[in-house]
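Undergrad: sharing a model that was predicted from the sequence below.
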Amino acid sequence: MLSFTGSKNKRAVSVSIRLNPNHFTILHSPSHCIKRLYLKYKDFEAAPPGAFEQLLFELGKRHEKLHLSSFPFYEDLTGKPLEKTLEELKKETPVICQGTLCYKTVINGQEAEVTGIPDFIIREEKGYVIRECKLALNVSEKRHPEAFSQLQVYAWLLEKITGQEPIRLEVFLGDRRIEMFEYKGEDFVLDRLNSLVEIVTLKNIPYSPVGWSKCAGCGYHSRCWKEAYKEHDVALVYGVDQNLVTALREKGTATIEEMMKHFDRESLSDFKRPWGEKEQKVGKKAGSILLQAEAMRDKKEIFLKEPELPHLPNYVMFDLEGLPPQFDELEKIYLWGMQVFGESPGPYQYALAGMGEEGDSKGWEDFLNVAEEIFNRFGDIPFVHWHSYEKTKINLYKERYGDRDGIASRVLLNLLDLLVVTKKSIVLPEPSYSLKVVEKYIGYKRTQEEFGGEWSIAKYIEAVETEDEKKRTSLISEILKYNKEDLQATWAVFEWLNKKEADGL
(Lines give C-alpha, C1' and ligand atoms only; values in the text may rest on other atoms or scores of the structure.)
Protein backbone atom coordinates (compact mmCIF):
# COMPACT_ATOMS: atom_id res chain seq x y z
CA MET A 1 0.00 0.00 0.00
CA LEU A 2 1.23 3.49 -0.81
CA SER A 3 1.92 5.77 2.15
CA PHE A 4 1.51 9.39 1.11
CA THR A 5 3.76 11.87 2.88
CA GLY A 6 2.97 14.93 0.79
CA SER A 7 5.77 17.50 0.77
CA LYS A 8 6.79 17.28 4.42
CA ASN A 9 10.03 15.95 5.79
CA LYS A 10 10.39 14.28 9.19
CA ARG A 11 10.73 17.76 10.58
CA ALA A 12 9.17 20.90 9.23
CA VAL A 13 11.55 23.06 7.25
CA SER A 14 11.30 26.56 5.90
CA VAL A 15 12.56 27.08 2.38
CA SER A 16 15.50 29.18 1.22
CA ILE A 17 16.10 27.39 -2.10
CA ARG A 18 13.55 26.31 -4.68
CA LEU A 19 14.68 23.77 -7.25
CA ASN A 20 13.01 21.98 -10.12
CA PRO A 21 14.26 19.46 -12.69
CA ASN A 22 14.16 22.14 -15.42
CA HIS A 23 17.24 23.65 -13.77
CA PHE A 24 19.17 20.73 -15.29
CA THR A 25 18.00 21.84 -18.74
CA ILE A 26 19.17 25.39 -18.04
CA LEU A 27 22.53 24.02 -16.86
CA HIS A 28 23.10 21.73 -19.85
CA SER A 29 21.21 23.31 -22.77
CA PRO A 30 22.25 24.51 -25.28
CA SER A 31 25.50 23.41 -23.59
CA HIS A 32 26.85 22.97 -20.07
CA CYS A 33 27.22 26.37 -18.41
CA ILE A 34 27.12 27.07 -14.66
CA LYS A 35 26.96 30.80 -15.32
CA ARG A 36 23.71 30.47 -17.28
CA LEU A 37 22.09 28.56 -14.42
CA TYR A 38 23.24 31.14 -11.86
CA LEU A 39 22.02 34.10 -13.92
CA LYS A 40 18.67 32.45 -14.63
CA TYR A 41 18.13 31.43 -11.01
CA LYS A 42 18.92 34.96 -9.83
CA ASP A 43 16.51 36.41 -12.42
CA PHE A 44 19.06 38.31 -14.49
CA GLU A 45 17.39 39.56 -17.65
CA ALA A 46 17.95 37.44 -20.74
CA ALA A 47 17.20 38.04 -24.40
CA PRO A 48 13.82 36.64 -25.49
CA PRO A 49 13.92 33.27 -27.26
CA GLY A 50 14.50 33.46 -31.00
CA ALA A 51 12.52 31.79 -33.76
CA PHE A 52 14.43 28.52 -33.41
CA GLU A 53 14.01 28.31 -29.63
CA GLN A 54 10.30 29.03 -30.02
CA LEU A 55 10.11 26.31 -32.66
CA LEU A 56 11.72 23.77 -30.32
CA PHE A 57 9.21 24.67 -27.62
CA GLU A 58 6.26 24.30 -29.96
CA LEU A 59 7.54 21.01 -31.38
CA GLY A 60 8.09 19.71 -27.85
CA LYS A 61 4.51 20.53 -26.84
CA ARG A 62 3.19 18.95 -30.04
CA HIS A 63 5.25 15.81 -29.43
CA GLU A 64 3.77 15.54 -25.94
CA LYS A 65 0.25 16.13 -27.26
CA LEU A 66 0.75 13.42 -29.88
CA HIS A 67 1.71 10.93 -27.20
CA LEU A 68 -1.15 12.03 -24.95
CA SER A 69 -3.60 11.15 -27.73
CA SER A 70 -2.43 7.51 -27.55
CA PHE A 71 -3.98 7.06 -24.09
CA PRO A 72 -7.70 6.16 -24.01
CA PHE A 73 -8.09 7.67 -20.54
CA TYR A 74 -6.03 10.19 -18.62
CA GLU A 75 -6.31 13.01 -16.10
CA ASP A 76 -4.73 16.29 -17.18
CA LEU A 77 -3.52 18.17 -14.09
CA THR A 78 -1.82 21.07 -15.88
CA GLY A 79 -1.63 23.99 -13.45
CA LYS A 80 -3.15 21.97 -10.58
CA PRO A 81 -1.46 21.81 -7.13
CA LEU A 82 0.22 18.85 -5.42
CA GLU A 83 -2.97 17.96 -3.55
CA LYS A 84 -4.75 17.15 -6.81
CA THR A 85 -1.89 14.85 -7.88
CA LEU A 86 -2.03 13.07 -4.50
CA GLU A 87 -5.75 12.60 -4.96
CA GLU A 88 -5.33 10.99 -8.38
CA LEU A 89 -2.49 8.79 -7.14
CA LYS A 90 -4.68 7.50 -4.32
CA LYS A 91 -7.45 6.79 -6.84
CA GLU A 92 -4.89 4.84 -8.93
CA THR A 93 -5.76 6.88 -12.01
CA PRO A 94 -4.29 5.04 -15.06
CA VAL A 95 -2.50 8.06 -16.55
CA ILE A 96 -1.73 11.38 -14.88
CA CYS A 97 -0.56 14.11 -17.23
CA GLN A 98 1.43 17.08 -15.86
CA GLY A 99 0.94 16.13 -12.22
CA THR A 100 2.81 18.23 -9.65
CA LEU A 101 5.26 16.52 -7.26
CA CYS A 102 6.80 18.52 -4.42
CA TYR A 103 9.03 17.70 -1.45
CA LYS A 104 10.85 19.78 1.16
CA THR A 105 14.20 18.64 2.48
CA VAL A 106 17.72 19.77 3.41
CA ILE A 107 20.42 19.61 0.75
CA ASN A 108 24.02 20.36 1.70
CA GLY A 109 22.81 22.19 4.78
CA GLN A 110 20.41 24.31 2.74
CA GLU A 111 16.65 24.17 3.26
CA ALA A 112 15.19 23.38 -0.13
CA GLU A 113 11.89 22.70 -1.86
CA VAL A 114 12.07 20.52 -4.94
CA THR A 115 9.13 20.64 -7.34
CA GLY A 116 8.77 18.59 -10.50
CA ILE A 117 6.05 18.10 -13.12
CA PRO A 118 6.66 14.91 -15.13
CA ASP A 119 4.84 14.61 -18.44
CA PHE A 120 3.19 11.33 -17.49
CA ILE A 121 2.76 9.17 -14.38
CA ILE A 122 1.40 5.84 -15.63
CA ARG A 123 -0.18 3.24 -13.38
CA GLU A 124 0.70 -0.43 -13.98
CA GLU A 125 -0.11 -3.55 -11.98
CA LYS A 126 3.09 -3.42 -9.93
CA GLY A 127 3.38 0.33 -9.51
CA TYR A 128 4.05 3.55 -11.41
CA VAL A 129 6.04 4.38 -14.53
CA ILE A 130 7.29 7.93 -15.10
CA ARG A 131 7.50 8.90 -18.77
CA GLU A 132 8.91 12.06 -20.34
CA CYS A 133 8.54 13.26 -23.95
CA LYS A 134 11.74 14.46 -25.65
CA LEU A 135 12.55 15.43 -29.22
CA ALA A 136 15.97 13.78 -28.93
CA LEU A 137 16.54 10.50 -30.78
CA ASN A 138 18.34 8.95 -27.83
CA VAL A 139 18.79 9.84 -24.18
CA SER A 140 21.62 8.74 -21.91
CA GLU A 141 23.48 10.05 -18.91
CA LYS A 142 26.30 11.27 -21.16
CA ARG A 143 24.46 12.45 -24.28
CA HIS A 144 21.53 14.15 -22.54
CA PRO A 145 22.41 14.52 -18.85
CA GLU A 146 19.61 17.06 -18.38
CA ALA A 147 16.88 14.60 -19.43
CA PHE A 148 18.47 11.76 -17.49
CA SER A 149 18.71 13.88 -14.32
CA GLN A 150 15.13 15.10 -14.72
CA LEU A 151 13.83 11.53 -14.78
CA GLN A 152 15.83 10.60 -11.70
CA VAL A 153 14.50 13.58 -9.73
CA TYR A 154 10.92 12.78 -10.73
CA ALA A 155 11.45 9.21 -9.52
CA TRP A 156 12.85 10.45 -6.20
CA LEU A 157 9.95 12.85 -5.71
CA LEU A 158 7.44 10.09 -6.37
CA GLU A 159 9.26 7.83 -3.93
CA LYS A 160 9.33 10.48 -1.19
CA ILE A 161 5.63 11.27 -1.65
CA THR A 162 4.23 7.75 -2.03
CA GLY A 163 6.82 5.66 -0.20
CA GLN A 164 7.29 3.53 -3.31
CA GLU A 165 9.89 3.71 -6.06
CA PRO A 166 8.64 3.85 -9.65
CA ILE A 167 9.03 0.50 -11.36
CA ARG A 168 10.49 2.09 -14.46
CA LEU A 169 11.54 5.38 -16.04
CA GLU A 170 10.90 6.02 -19.73
CA VAL A 171 11.40 8.58 -22.49
CA PHE A 172 9.14 8.90 -25.53
CA LEU A 173 11.76 9.87 -28.12
CA GLY A 174 11.53 12.10 -31.18
CA ASP A 175 11.22 9.08 -33.48
CA ARG A 176 8.38 7.73 -31.28
CA ARG A 177 10.40 4.93 -29.72
CA ILE A 178 10.31 4.47 -25.95
CA GLU A 179 13.62 4.18 -24.12
CA MET A 180 13.71 2.73 -20.58
CA PHE A 181 15.90 3.54 -17.55
CA GLU A 182 16.29 2.37 -13.98
CA TYR A 183 15.95 4.61 -10.96
CA LYS A 184 19.44 5.09 -9.48
CA GLY A 185 18.27 5.92 -5.98
CA GLU A 186 18.19 8.75 -3.48
CA ASP A 187 21.96 9.17 -3.09
CA PHE A 188 22.35 9.75 -6.84
CA VAL A 189 19.54 12.30 -6.91
CA LEU A 190 20.74 14.19 -3.86
CA ASP A 191 24.22 14.37 -5.41
CA ARG A 192 22.72 15.88 -8.59
CA LEU A 193 20.57 18.31 -6.63
CA ASN A 194 23.55 19.27 -4.53
CA SER A 195 25.42 20.22 -7.72
CA LEU A 196 22.61 22.71 -8.43
CA VAL A 197 22.65 24.05 -4.87
CA GLU A 198 26.39 24.67 -5.02
CA ILE A 199 25.90 26.84 -8.11
CA VAL A 200 22.81 28.83 -7.15
CA THR A 201 24.17 29.66 -3.66
CA LEU A 202 27.43 31.16 -4.91
CA LYS A 203 28.04 34.69 -3.61
CA ASN A 204 29.26 36.00 -6.96
CA ILE A 205 28.52 35.30 -10.62
CA PRO A 206 30.67 32.28 -11.57
CA TYR A 207 33.04 32.25 -14.52
CA SER A 208 32.27 30.09 -17.54
CA PRO A 209 34.25 30.38 -20.77
CA VAL A 210 32.47 31.60 -23.88
CA GLY A 211 32.44 29.42 -26.96
CA TRP A 212 31.05 30.03 -30.44
CA SER A 213 28.98 26.85 -30.56
CA LYS A 214 28.50 26.66 -26.82
CA CYS A 215 26.82 30.06 -26.54
CA ALA A 216 24.61 29.85 -29.64
CA GLY A 217 20.97 30.15 -28.67
CA CYS A 218 21.67 31.28 -25.09
CA GLY A 219 19.74 34.29 -23.83
CA TYR A 220 22.85 35.61 -22.11
CA HIS A 221 25.03 35.47 -25.24
CA SER A 222 25.36 39.22 -25.68
CA ARG A 223 26.13 39.83 -21.99
CA CYS A 224 28.84 37.18 -21.77
CA TRP A 225 30.55 38.00 -25.06
CA LYS A 226 30.72 41.70 -24.25
CA GLU A 227 32.42 40.79 -20.97
CA ALA A 228 34.82 38.41 -22.74
CA TYR A 229 35.91 41.06 -25.25
CA LYS A 230 36.27 43.66 -22.51
CA GLU A 231 38.51 41.33 -20.49
CA HIS A 232 40.44 39.97 -23.51
CA ASP A 233 39.42 36.51 -22.33
CA VAL A 234 41.65 33.70 -23.58
CA ALA A 235 38.45 31.78 -24.41
CA LEU A 236 38.03 34.09 -27.43
CA VAL A 237 41.02 32.50 -29.16
CA TYR A 238 39.92 30.15 -31.94
CA GLY A 239 41.19 26.63 -31.19
CA VAL A 240 41.24 27.04 -27.41
CA ASP A 241 38.67 24.51 -26.16
CA GLN A 242 36.71 24.80 -22.92
CA ASN A 243 38.95 22.39 -20.98
CA LEU A 244 42.05 24.27 -22.09
CA VAL A 245 40.56 27.57 -20.92
CA THR A 246 39.93 26.11 -17.47
CA ALA A 247 43.42 24.62 -17.23
CA LEU A 248 45.07 27.86 -18.38
CA ARG A 249 43.14 29.94 -15.85
CA GLU A 250 44.16 27.57 -13.07
CA LYS A 251 47.78 28.32 -14.01
CA GLY A 252 47.25 32.08 -14.03
CA THR A 253 46.61 32.58 -17.74
CA ALA A 254 43.23 34.27 -18.14
CA THR A 255 43.78 36.76 -20.97
CA ILE A 256 45.09 36.69 -24.52
CA GLU A 257 48.03 38.86 -23.50
CA GLU A 258 48.94 36.50 -20.67
CA MET A 259 48.90 33.54 -23.07
CA MET A 260 51.37 35.32 -25.36
CA LYS A 261 53.55 36.21 -22.36
CA HIS A 262 53.56 32.81 -20.64
CA PHE A 263 53.81 30.43 -23.60
CA ASP A 264 55.74 29.74 -26.74
CA ARG A 265 55.00 26.97 -29.23
CA GLU A 266 57.00 24.34 -27.33
CA SER A 267 55.66 25.07 -23.85
CA LEU A 268 52.04 25.30 -25.02
CA SER A 269 52.45 22.07 -26.98
CA ASP A 270 53.51 20.32 -23.76
CA PHE A 271 50.73 21.91 -21.69
CA LYS A 272 48.12 19.40 -20.46
CA ARG A 273 44.41 19.92 -20.02
CA PRO A 274 41.59 17.55 -18.96
CA TRP A 275 40.47 15.20 -21.71
CA GLY A 276 37.74 12.81 -20.68
CA GLU A 277 38.93 10.99 -17.58
CA LYS A 278 42.58 11.64 -18.45
CA GLU A 279 44.77 14.53 -19.56
CA GLN A 280 46.04 15.37 -23.02
CA LYS A 281 48.76 17.69 -24.29
CA VAL A 282 47.81 20.56 -26.57
CA GLY A 283 50.27 19.14 -29.08
CA LYS A 284 50.37 20.28 -32.71
CA LYS A 285 47.54 22.76 -32.22
CA ALA A 286 49.84 24.99 -30.17
CA GLY A 287 51.28 26.83 -33.16
CA SER A 288 47.93 27.76 -34.70
CA ILE A 289 46.52 28.73 -31.29
CA LEU A 290 49.38 31.16 -30.65
CA LEU A 291 48.97 32.66 -34.12
CA GLN A 292 45.26 33.15 -33.42
CA ALA A 293 46.11 34.76 -30.07
CA GLU A 294 48.58 37.09 -31.77
CA ALA A 295 46.01 38.11 -34.38
CA MET A 296 43.38 38.71 -31.68
CA ARG A 297 45.81 40.70 -29.53
CA ASP A 298 46.97 42.89 -32.39
CA LYS A 299 43.54 42.97 -34.11
CA LYS A 300 45.36 42.23 -37.32
CA GLU A 301 45.40 39.48 -39.94
CA ILE A 302 48.40 37.19 -40.19
CA PHE A 303 49.13 35.95 -43.71
CA LEU A 304 50.44 32.41 -44.00
CA LYS A 305 50.59 31.78 -47.74
CA GLU A 306 48.80 32.61 -50.98
CA PRO A 307 45.26 31.22 -51.10
CA GLU A 308 45.11 28.00 -53.13
CA LEU A 309 42.33 28.94 -55.54
CA PRO A 310 41.77 27.50 -59.03
CA HIS A 311 42.04 30.11 -61.78
CA LEU A 312 38.97 29.63 -63.93
CA PRO A 313 36.49 31.96 -65.61
CA ASN A 314 33.46 30.79 -63.60
CA TYR A 315 32.56 29.14 -60.29
CA VAL A 316 29.36 27.82 -58.71
CA MET A 317 28.61 28.98 -55.19
CA PHE A 318 26.85 26.11 -53.44
CA ASP A 319 24.89 26.04 -50.16
CA LEU A 320 22.38 23.67 -48.55
CA GLU A 321 19.73 24.17 -45.89
CA GLY A 322 18.65 21.09 -43.96
CA LEU A 323 16.58 19.72 -41.10
CA PRO A 324 18.19 17.66 -38.32
CA PRO A 325 16.57 14.22 -37.95
CA GLN A 326 14.55 15.06 -34.82
CA PHE A 327 12.53 17.56 -36.91
CA ASP A 328 11.68 15.06 -39.61
CA GLU A 329 11.61 11.32 -40.10
CA LEU A 330 14.60 11.78 -42.39
CA GLU A 331 17.68 13.92 -42.07
CA LYS A 332 16.35 16.16 -44.79
CA ILE A 333 17.84 18.80 -47.09
CA TYR A 334 14.99 21.13 -47.93
CA LEU A 335 16.92 23.59 -50.10
CA TRP A 336 19.79 23.06 -52.55
CA GLY A 337 21.06 26.50 -53.59
CA MET A 338 23.45 27.25 -56.48
CA GLN A 339 24.57 30.27 -58.49
CA VAL A 340 27.31 30.76 -61.07
CA PHE A 341 29.62 33.74 -60.55
CA GLY A 342 32.52 34.97 -62.66
CA GLU A 343 32.85 36.03 -66.29
CA SER A 344 29.46 34.53 -67.24
CA PRO A 345 27.32 34.90 -64.12
CA GLY A 346 24.02 33.10 -63.97
CA PRO A 347 20.76 33.47 -62.03
CA TYR A 348 20.14 32.06 -58.60
CA GLN A 349 19.02 28.45 -59.02
CA TYR A 350 17.66 26.11 -56.40
CA ALA A 351 15.92 22.82 -55.75
CA LEU A 352 13.29 22.91 -53.02
CA ALA A 353 12.04 19.75 -51.35
CA GLY A 354 8.35 19.32 -52.06
CA MET A 355 5.62 18.72 -49.54
CA GLY A 356 4.41 15.19 -48.84
CA GLU A 357 6.03 11.75 -48.94
CA GLU A 358 7.80 12.20 -52.26
CA GLY A 359 9.03 15.73 -51.51
CA ASP A 360 12.51 14.73 -50.34
CA SER A 361 13.31 12.57 -53.36
CA LYS A 362 11.90 15.24 -55.67
CA GLY A 363 14.22 17.84 -54.12
CA TRP A 364 17.19 15.53 -54.79
CA GLU A 365 16.14 14.90 -58.38
CA ASP A 366 15.66 18.62 -59.00
CA PHE A 367 19.13 19.26 -57.56
CA LEU A 368 20.64 16.73 -59.96
CA ASN A 369 18.81 18.41 -62.85
CA VAL A 370 20.16 21.87 -61.95
CA ALA A 371 23.70 20.51 -61.43
CA GLU A 372 23.53 18.66 -64.77
CA GLU A 373 22.42 21.83 -66.52
CA ILE A 374 25.38 23.73 -65.03
CA PHE A 375 27.86 21.01 -66.08
CA ASN A 376 26.42 20.94 -69.60
CA ARG A 377 27.02 24.67 -69.93
CA PHE A 378 30.33 25.13 -68.05
CA GLY A 379 32.01 21.73 -67.93
CA ASP A 380 33.79 20.70 -64.72
CA ILE A 381 33.20 23.93 -62.85
CA PRO A 382 34.13 24.17 -59.12
CA PHE A 383 31.23 23.97 -56.66
CA VAL A 384 32.42 26.33 -53.93
CA HIS A 385 30.99 25.79 -50.46
CA TRP A 386 31.79 26.57 -46.81
CA HIS A 387 32.78 23.68 -44.51
CA SER A 388 32.01 19.98 -44.90
CA TYR A 389 28.19 19.99 -44.69
CA GLU A 390 27.58 19.91 -48.44
CA LYS A 391 29.95 16.99 -49.02
CA THR A 392 28.46 14.99 -46.17
CA LYS A 393 24.88 15.48 -47.32
CA ILE A 394 25.52 14.69 -50.99
CA ASN A 395 27.04 11.37 -49.91
CA LEU A 396 24.01 10.76 -47.68
CA TYR A 397 21.59 11.41 -50.54
CA LYS A 398 23.60 9.31 -52.99
CA GLU A 399 23.14 6.38 -50.66
CA ARG A 400 19.48 7.20 -50.06
CA TYR A 401 18.26 7.71 -53.64
CA GLY A 402 21.10 6.75 -55.95
CA ASP A 403 23.10 8.88 -58.39
CA ARG A 404 21.48 9.29 -61.78
CA ASP A 405 24.11 9.47 -64.53
CA GLY A 406 26.84 10.02 -61.91
CA ILE A 407 25.94 13.71 -61.54
CA ALA A 408 26.31 13.79 -57.76
CA SER A 409 29.70 12.06 -58.00
CA ARG A 410 30.78 14.71 -60.47
CA VAL A 411 29.69 17.44 -58.06
CA LEU A 412 31.72 15.75 -55.30
CA LEU A 413 34.83 15.71 -57.51
CA ASN A 414 34.42 19.44 -58.14
CA LEU A 415 33.75 20.57 -54.56
CA LEU A 416 35.98 23.34 -53.21
CA ASP A 417 35.76 23.99 -49.46
CA LEU A 418 36.49 27.70 -49.11
CA LEU A 419 36.79 27.44 -45.33
CA VAL A 420 39.80 25.14 -45.72
CA VAL A 421 41.40 27.57 -48.19
CA THR A 422 40.82 30.50 -45.84
CA LYS A 423 42.28 28.83 -42.75
CA LYS A 424 45.36 27.65 -44.63
CA SER A 425 46.14 31.11 -45.98
CA ILE A 426 45.11 33.72 -43.38
CA VAL A 427 44.76 33.90 -39.60
CA LEU A 428 41.83 36.18 -38.83
CA PRO A 429 41.49 38.21 -35.62
CA GLU A 430 38.11 36.61 -34.97
CA PRO A 431 36.83 33.99 -32.50
CA SER A 432 35.24 31.87 -35.23
CA TYR A 433 35.60 30.99 -38.91
CA SER A 434 31.88 30.59 -39.53
CA LEU A 435 30.75 32.16 -42.79
CA LYS A 436 28.63 34.70 -40.88
CA VAL A 437 31.71 35.92 -38.99
CA VAL A 438 34.08 35.97 -41.97
CA GLU A 439 31.62 37.71 -44.30
CA LYS A 440 31.08 40.44 -41.71
CA TYR A 441 34.83 40.78 -41.25
CA ILE A 442 35.42 41.43 -44.96
CA GLY A 443 32.54 43.92 -45.11
CA TYR A 444 29.72 41.94 -46.73
CA LYS A 445 26.30 43.17 -45.58
CA ARG A 446 23.03 41.27 -45.78
CA THR A 447 19.64 42.82 -46.42
CA GLN A 448 17.70 40.69 -43.92
CA GLU A 449 17.57 41.70 -40.26
CA GLU A 450 17.06 38.10 -39.17
CA PHE A 451 18.89 35.19 -40.76
CA GLY A 452 20.86 32.04 -39.98
CA GLY A 453 20.60 28.29 -40.35
CA GLU A 454 18.37 27.83 -37.30
CA TRP A 455 16.19 30.77 -38.34
CA SER A 456 15.79 29.16 -41.77
CA ILE A 457 14.74 25.85 -40.21
CA ALA A 458 12.09 27.60 -38.13
CA LYS A 459 10.73 29.44 -41.17
CA TYR A 460 10.68 26.30 -43.30
CA ILE A 461 8.71 24.29 -40.75
CA GLU A 462 6.30 27.20 -40.37
CA ALA A 463 5.88 27.24 -44.16
CA VAL A 464 5.26 23.48 -44.33
CA GLU A 465 2.60 23.60 -41.63
CA THR A 466 0.63 26.68 -42.60
CA GLU A 467 -2.53 26.25 -44.68
CA ASP A 468 -2.32 29.87 -45.80
CA GLU A 469 -0.82 29.70 -49.30
CA LYS A 470 0.01 33.41 -49.32
CA LYS A 471 1.88 33.10 -46.04
CA ARG A 472 3.68 29.97 -47.23
CA THR A 473 4.85 31.75 -50.38
CA SER A 474 6.11 34.67 -48.31
CA LEU A 475 7.99 32.40 -45.90
CA ILE A 476 9.62 30.40 -48.71
CA SER A 477 10.62 33.68 -50.32
CA GLU A 478 12.41 34.72 -47.12
CA ILE A 479 14.26 31.39 -46.98
CA LEU A 480 15.31 31.64 -50.63
CA LYS A 481 16.57 35.17 -50.07
CA TYR A 482 18.65 34.01 -47.10
CA ASN A 483 20.13 31.15 -49.12
CA LYS A 484 20.85 33.44 -52.05
CA GLU A 485 22.69 35.84 -49.77
CA ASP A 486 24.67 32.90 -48.38
CA LEU A 487 25.88 32.29 -51.94
CA GLN A 488 26.66 35.98 -52.43
CA ALA A 489 28.59 36.03 -49.15
CA THR A 490 30.60 32.96 -50.20
CA TRP A 491 31.46 34.67 -53.49
CA ALA A 492 32.44 37.85 -51.62
CA VAL A 493 34.90 35.85 -49.50
CA PHE A 494 36.17 34.08 -52.63
CA GLU A 495 36.86 37.41 -54.34
CA TRP A 496 38.48 38.78 -51.18
CA LEU A 497 40.85 35.81 -51.09
CA ASN A 498 41.48 36.10 -54.80
CA LYS A 499 42.51 39.72 -54.34
CA LYS A 500 44.88 38.71 -51.55
CA GLU A 501 46.50 36.28 -53.98
CA ALA A 502 46.68 38.91 -56.73
CA ASP A 503 48.26 41.41 -54.35
CA GLY A 504 50.81 38.80 -53.29
CA LEU A 505 49.55 39.12 -49.74
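TA: Structure's in. What do you need?
Undergrad: contacts and neighbour counts: CA atoms only from here.
TA: Noted.
Undergrad: does residue 253 count as helix, strand or coil?
TA: Each residue gets one of three states, and residue 253 gets coil by DSSP: H, G, I helix; E, B strand; the rest coil.
Undergrad: quick one: the nearest residue to it once chain neighbours are set aside and residue 251, what's the gap?
TA: Leaving aside its chain neighbours, residue 253 sits nearest to residue 259 (5.9 Å; criterion: C-alpha to C-alpha, 6 or more residues apart in numbering). Noted for residue 259: a distance of 11 Å to residue 251, by C-alpha to C-alpha, to the nearest Å.
Undergrad: okay, the two: which has more neighbours?
TA: residue 259 (21 against 9; other C-alpha atoms under 10 Å).
Undergrad: any idea which element that one lies in?
TA: Element membership for residue 259, per DSSP states H and E: helix 256-262.
Undergrad: what is the subsequent helix or strand relative to that helix?
TA: That would be, after helix 256-262 and using DSSP H and E, helix 265-270.
Undergrad: longest helix anywhere in the protein?
TA: Using DSSP state H, we find that the single longest helix of the chain is helix 469-502.
Undergrad: buried residues in it?
TA: For helix 469-502, the buried set under the neighbour-count rule, 16 or more other C-alpha atoms under 10 Å, comprises 472, 475-476, 478-494, 497-498, 500-501.
Undergrad: quick one: it to chain centroid distance?
TA: 23 Å (C-alpha atoms, centre = their mean, to the nearest Å).
Undergrad: quick revisit: next up, the contacts around the residue nearest to residue 253.
TA: Residues in contact with residue 259 (C-alpha atoms under 8 Å, 6 or more residues apart in numbering) are 234, 253, 290, 293.
Undergrad: likewise for residue 91?
TA: Under the criterion of C-alpha under 8 Å, 6+ apart, residue 91 has no neighbours.
Undergrad: and for residue 410?
TA: Contacts of residue 410 (C-alpha under 8 Å, 6+ apart): residue 380.
Undergrad: which residue ranges of the stretch 201-350 of the chain form helices?
TA: Using DSSP state H, counting those that start in this stretch, the helices of the stretch 201-350 of the chain run over residues 221-231, 242-250, 256-262, 265-270, 285-298.
Undergrad: wait, which of the ones you listed is closest to residue 141?
TA: For the helices of the stretch 201-350 of the chain, the distance to residue 141 is smallest for helix 242-250, at 19.9 Å, taking C-alpha to C-alpha.
Undergrad: from residue 121, how far out is residue 229?
TA: As judged by C-alpha to C-alpha, residue 229 and residue 121 stand 47 Å apart.
Undergrad: those two: which has the busier surroundings?
TA: The residue with more neighbours, out of residue 229 and residue 121, is residue 121; 27 against 13, by other C-alpha under 10 Å.
Undergrad: how is the more buried one assigned, secondary-structure-wise?
TA: When the rule is three-state DSSP, residue 121 gets the label strand.
Undergrad: that one contacts residue 133, correct?
TA: No: Residue 121 lies out of contact with residue 133 (C-alpha atoms under 8 Å); the separation is 11.9 Å.
Undergrad: pretty sure residue 111 sits against residue 103.
TA: No: using C-alpha under 8 Å, residue 111 is not in contact with residue 103; the gap is 11.1 Å.
Undergrad: give the contact list for residue 242.
TA: 209, 211, 235.
Undergrad: switch to 7 Å and redo it
TA: residue 209 (C-alpha atoms under 7 Å, 6 or more residues apart in numbering).
Undergrad: the one 5 residues further on now?
TA: By C-alpha under 7 Å, 6+ apart, the contact set of residue 247 is residue 273.
Undergrad: against residue 269, how distant is it?
TA: 14 Å.
Undergrad: same question for residue 224.
TA: In terms of C-alpha to C-alpha, residue 224 sits 29 Å off from residue 269.
Undergrad: go on, residue 223?
TA: Per C-alpha to C-alpha, residue 223 is found 32 Å from residue 269.
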